[in-house]
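Participant: fold the following and give me the result.
(one chain, ligands or ions: 1)
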Amino acid sequence: MNEEKVLKYFIEAKDIGRIENPTSVGIGGDPGCSDYIKLYLKIENDIIKDAKAEVYGCHIAIAATSAFIQLIKNKHYRDAINIKPDDVLNELGGLPEEKIHCTNLGPMALENAIQDYILEMLCQQAENEND
Ligand code: FES
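Facilitator: Residues are numbered from 1 along each chain as shown. Got it, this is the predicted structure:
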């Protein structure tokens, strides 16, 4: 584990919080430890322009979520969805075995938020076709 990097993401935690009027929201959680995050996205023209998350969990969950958000910002949502827990783990320079699952929260929440986004787009299209 790169303690300096983990601490930086934990202390700075720039993207922790919520976005007003998000395009979509997703939740990712771990039933084993009850930690979860709520991820807020602002997507414009399929690009994740802004992202923040509320984290209800340990300090590593906060650091991992901060790192994850840095990795997905300004990416097309189809590219962002390919960012996996291992990418977060690499960004943090590894983690102790018992904390590796903290890296799952961001990708899980993103998957849910993107499903929300796609469903919203499909509903809009259907509405426009019926007008
Ligand atoms: Fe479970 Fe961090 S998310 S211990």
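Participant: which secondary structure elements does the least confident helix or strand in the chain by mean pLDDT contact?
Facilitator: The helix or strand of the chain with the poorest confidence is helix 3-12; it has a mean of 85 (mean pLDDT, DSSP states H and E). Here helix 3-12 touches helix 59-72, going by 3 or more C-beta pairs under 8 Å, 6 or more residues apart in numbering; DSSP states H and E. C-beta: built from backbone N, CA, C; applies to glycine.
Participant: if you set the cut-off to 10 Å instead, what comes out?
Facilitator: Counting contacts by 3 or more C-beta pairs under 10 Å, 6 or more residues apart in numbering; DSSP states H and E, helix 3-12 packs against helix 59-72, helix 85-91.
Participant: check which residues of the helix or strand following it are buried.
Facilitator: Later in the chain than helix 3-12, the nearest helix or strand by DSSP states H and E is strand 24-29. Buried residues in strand 24-29, counted by 16 or more other C-beta atoms under 10 Å: 24-26, 28-29.
Participant: and of those residues, the nearest to Val6?
Facilitator: Nearest to Val6 among the buried residues of strand 24-29, counting by C-beta to C-beta, is Gly28 at 19.1 Å.
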